[in-house]
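J.: Below are the sequence and a predicted model for it; my questions follow.
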Amino acid sequence: MKFPCVDFHTHLDLYDDPSAAVAQIESQGILTLASSMDLASYRVNRELSARSRFIIPTFGIHPARSGSCFDETELDMALNSSPILGECGLDALWVTDVPIRRQTQVFERILAHAHERGKYCVVHTKDAEEKVLDMAKAFPRARLVIHWYSGSVATYKRYLDMPFLFTYGCELRYSAHIRELLSMTPLERVLPETDNPVAEPWLGGTTDEPMLIRRVIEDIAREKGFEAEDAAATMADKARHILFESGVVLPA
Ligand SMILES: [Zn+2]
């Protein structure tokens with residue numbers, strides 16, 4: 001069965017063999033948003049994107065990298081050149097070496113740009129879900145795509161009251177909590193992601209190639225009670241619409 005595949009959040013630059021990943025993305029036609037973690041990672045993702053029309057590089061500063069010093073001009077250029085932003089956000093669990101105050105400053109800078117330009121923004125919220133929500137409310141024209149939300153159901157209900165979209169990925173297979181969150185979310189607000197190449201091996205799986213997105217789409221479809229082809233088409237249409245709105249020229 002063939003269906004359209006979109007991977008709305010992956011880290012192409014982190015692959016041991018990015019060329020092999022790019023070749024699979026190109027041969028399988030996987031529309032791929034290559035999120036960046038900082039300026040250096042954005043540079044690599046832009047270079048990789050030149051090798052496949054299916055790869056859209058996006059700039060962001062991951063909370064883990066927000067402790068570095070950034071050249072303001074370079075930061076502005078990267079923000080301006082990126083049609084969609086990501087990965088950015090806050091992490092109060094895994095990121096122990098960058099104080100939340102510093103993470104907040106950097107995230108605020110990115111949200112302010114997204115708000116000013118009405119850009120979509122892929123956001124990390126680990127153990128900082130409430131704070132991210134408060135910050136998002138101050139920048140209502142930033143269009144948040146919440147990546148791998150894993151906080152409480154109570155807070156998620158408040159997220160659902162906002163016009164956010166949500167990426168779901170590999171953990172669906174492993175976590176009843178993630179499946180419960182997905183069950184609360186209309187398919188029209190869901191986008192698939194792999195968070196490759198780190199996520200699936202971290203969860204105990206073995207696959208970390210781009211085609212993992214196919215399994216993710218099948219898992220989402222099953223949980224939502226759709227045929228995989230139908231769920232894939234709905235999510236691909238949504239992604240293409242977002243990219244169109246963001247001024248990205250898509251392959252036919
Ligand atoms: Zn990520």
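T.: Structure's in. What do you need?

J.: okay, CA-based contacts and neighbour counts for the rest of this
T.: Will do.

J.: what's the neighbour count on the nearest residue to F3 once chain neighbours are set aside?
T.: Distances taken as CA to CA, 6 or more residues apart in numbering put E229 closest to F3, at 5.4 Å, once the chain neighbours are dropped. Close neighbours of E229, defined as other CA atoms under 10 Å, add up to 16.

J.: which stretch of helix or strand covers E229?
T.: E229 is part of helix 228-245, with elements assigned from DSSP states H and E.

J.: before we move on, what about C121?
T.: Element membership of C121 [criterion: DSSP H and E] is strand 120-124.

J.: who touches the helix holding E229?
T.: Helix 228-245 is contacted by residues 1-6, 8, 120, 187-188, 190-192, 217-218, 220-222, 249-250 when judged by CA atoms under 8 Å, 6 or more residues apart in numbering.

J.: Pull out the buried members of the residues you listed.
T.: 4-6, 8, 120, 187, 190-192, 217-218, 220-221 (16 or more other CA atoms under 10 Å).

J.: Narrow those to those in helices?
T.: Among those, the members found in helices (DSSP state H) are I217, E218, I220, A221.

J.: Tell me where this structure has strands.
T.: For the chain, applying DSSP state E gives strands covering 6-10, 31-35, 55-58, 85-89, 120-124, 143-147, 165-168, 190-192.

J.: For the strand holding C121, what is the distance to the chain centroid?
T.: Once both centres are worked out by CA atoms, centre = their mean, to the nearest Å, strand 120-124 turns out to sit 6 Å from its chain's centre.

J.: Kindly report the same for stretch 170-181.
T.: With CA atoms, centre = their mean, you get 17 Å for stretch 170-181.

J.: Show me what counts as buried in that stretch.
T.: Under 16+ other CA under 10 Å, the buried positions of stretch 170-181 are C170, E171, L172, I178, R179, L181.

J.: how about JSON lines for these, with distance to D71 and pLDDT added?
T.: Shown next, in JSON lines, are the buried residues of stretch 170-181 (distance: CA to CA, whole Å; pLDDT from 0 to 100):
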{"residue": "C170", "distance to D71": "35", "pLDDT": "96"}
{"residue": "E171", "distance to D71": "36", "pLDDT": "97"}
{"residue": "L172", "distance to D71": "39", "pLDDT": "97"}
{"residue": "I178", "distance to D71": "38", "pLDDT": "98"}
{"residue": "R179", "distance to D71": "41", "pLDDT": "98"}
{"residue": "L181", "distance to D71": "39", "pLDDT": "98"}
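
J.: is it true that S246 touches S81?
T.: No - counting by CA atoms under 8 Å, S81 is not a contact partner of S246; they are 11.5 Å apart.

J.: The two: which is more packed in?
T.: A direct count of neighbours by other CA under 10 Å for S246 and S81 places S246 higher, at 16 against 13.

J.: what angle do the strand holding C121 and strand 85-89 make?
T.: On the basis of axes from the mean of the first three to the mean of the last three CA atoms, to 10 degrees, strand 120-124 is oriented at 30 degrees to strand 85-89.

J.: Not counting its own residues, what contacts strand 120-124?
T.: For strand 120-124, contacts defined as CA under 8 Å, 6+ apart pick out 9, 62, 84-91, 111, 114, 142-149, 242, 246.

J.: Name the nearest of the buried residues of stretch 170-181 relative to S52.
T.: Nearest to S52 among these, counting by CA to CA, is C170 at 24.0 Å.

J.: Pretty sure the closest one sits against R214.
T.: No - C170 is beyond contact range of R214, at 10.4 Å (criterion: CA under 8 Å).

J.: Without its sequence neighbours, what residue ends up closest to Y168?
T.: Excluding its sequence neighbours, the residue lying closest to Y168 (CA to CA, 6+ apart) is P192, at 5.2 Å.

J.: contacting residues for that neighbour?
T.: Contacts of P192 were listed using CA under 8 Å, 6+ apart, and they are V6, D7, F8, H9, T167, Y168, G169, I213, V216, I217, I220, M235.
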